[in-house]
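Asker: attaching a predicted model along with its sequence, questions to come.
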Amino acid sequence: MKAIWNGQVLAESNDTIVIEGNHYFPPSTLDRQLFVESETTSLCPWKGTASYYTLIVNGKENKDAAWYYSSPKEAAAEIAGYVAFWRGVEVTE
């Protein structure tokens, strides 16, 4: 699977974990230079508190377009640190 935005591959992996229709990419597969930590958080009742990244690609910014659970609840332990995408990021094979 590949996550692509603004013509750039953000992450690529054969080992994503699919939860609720979202592909979660292993942290080691991210092109880290394109990700900037965000102050934004949100709460999922069964996964826990999500943190976000803003993407910066070729001078364009996509605020909070990636999220992850650094310390998920036990039910979602398998995705700790894994990153998922939305807000126009294309996830494709």
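Answerer: Structure's in. What do you need?
Asker: ok, residue 62 - contacts?
Answerer: For residue 62, the contact set (CB atoms under 8 Å, 6 or more residues apart in numbering) comprises 5-6, 54-56, 87-89. (C-beta placed from N, C-alpha, C; glycine too.)
Asker: and it, how far from residue 3?
Answerer: 11 Å (CB to CB, to the nearest Å).
Asker: in strands only, show me the contacts of residue 62.
Answerer: Mapping those onto strands (DSSP state E) picks out 5, 54-56.
Asker: export these to TSV and tack on distance to residue 24?
Answerer: Converted to TSV, the ones in strands among the contacts of residue 62 look like this (distance: CB to CB, whole Å):
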residue	distance to residue 24
5	16
54	18
55	16
56	21
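Asker: ranking those by neighbours, who comes first?
Answerer: Within the ones in strands among the contacts of residue 62, neighbour counts (other CB atoms under 10 Å) peak at residue 55, which reaches 25 neighbours.
Asker: my read is that that one contacts residue 11, right?
Answerer: No. Applying CB atoms under 8 Å as the test, residue 55 and residue 11 come out as separate, 10.6 Å apart.
Asker: separation between residue 45 and residue 51?
Answerer: From residue 45 over to residue 51 the distance is 17 Å, taken as CB to CB.
Asker: now for the ones in strands among the contacts of residue 62, which pair is the farthest apart?
Answerer: 5 and 54 (11.3 Å; CB to CB).
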